[in-house]
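K.L.:
Predicted model and sequence below, questions to follow.
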Amino acid sequence: MESLIESFLHDEDGQGMTEYSIVLGVISIAAFGIIILLTEELQQVYTRVVDAVQSRDS
């Protein structure tokens with residue numbers, strides 16, 4: 001029974017998936033934060049593009 005417990009404690013099969021999940025979580029949070037920080041600038045760029053297209057069409 002003791003070797004089964006020791007084997008379970010030293011088993012690293014799921015470690016890689018856990019590490020990938022943590023990295024993916026950190027990247028997702030960082031991307032979401034960047035989008036929030038750039039929202040105003042992106043809206044201004046979108047407005048300038050729309051205005052340029054509308055003025056070209058008139």
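P.N.:
Looks like it came in fine.

K.L.:
Tell me which other helices or strands the biggest helix by length in the chain touches.
P.N.:
If you go by DSSP state H, the chain has its longest helix at helix 15-57. On a contact count with 3 or more CB pairs under 8 Å, 6 or more residues apart in numbering; DSSP states H and E, helix 15-57 meets no helix or strand. From N, CA and C alone the C-beta is placed, and that goes for glycine too.

K.L.:
L42: how many residues sit nearby?
P.N.:
10 (other CB atoms under 10 Å).

K.L.:
Can you give me the pLDDT of S3?
P.N.:
Confidence at S3, expressed as pLDDT, is 79.

K.L.:
cool, the one 5 residues further on as well?
P.N.:
Reported pLDDT at F8 in the predicted model: 69.

K.L.:
The one 3 residues further on too?
P.N.:
pLDDT, D11: 69.

K.L.:
related to what we said a few turns ago, check the offset of the longest helix of the chain from the chain's centre.
P.N.:
Relative to the centre of its chain, helix 15-57 is centred 10 Å away, using CA atoms, centre = their mean, to the nearest Å.

K.L.:
Averaged pLDDT, that helix. What do you get?
P.N.:
Averaged across helix 15-57, pLDDT comes to 92.

K.L.:
how near is Q54 to I27?
P.N.:
37 Å (CB to CB, to the nearest Å).

K.L.:
typed the wrong thing, it's A52
P.N.:
Taking CB to CB, one finds A52 at 34 Å from I27.

K.L.:
E40 too?
P.N.:
Distance from E40 to I27, by CB to CB: 23 Å.

K.L.:
do the same with R48
P.N.:
Distance check for R48 against I27: by CB to CB, it reads 30 Å.

K.L.:
Same check on Q43?
P.N.:
24 Å.
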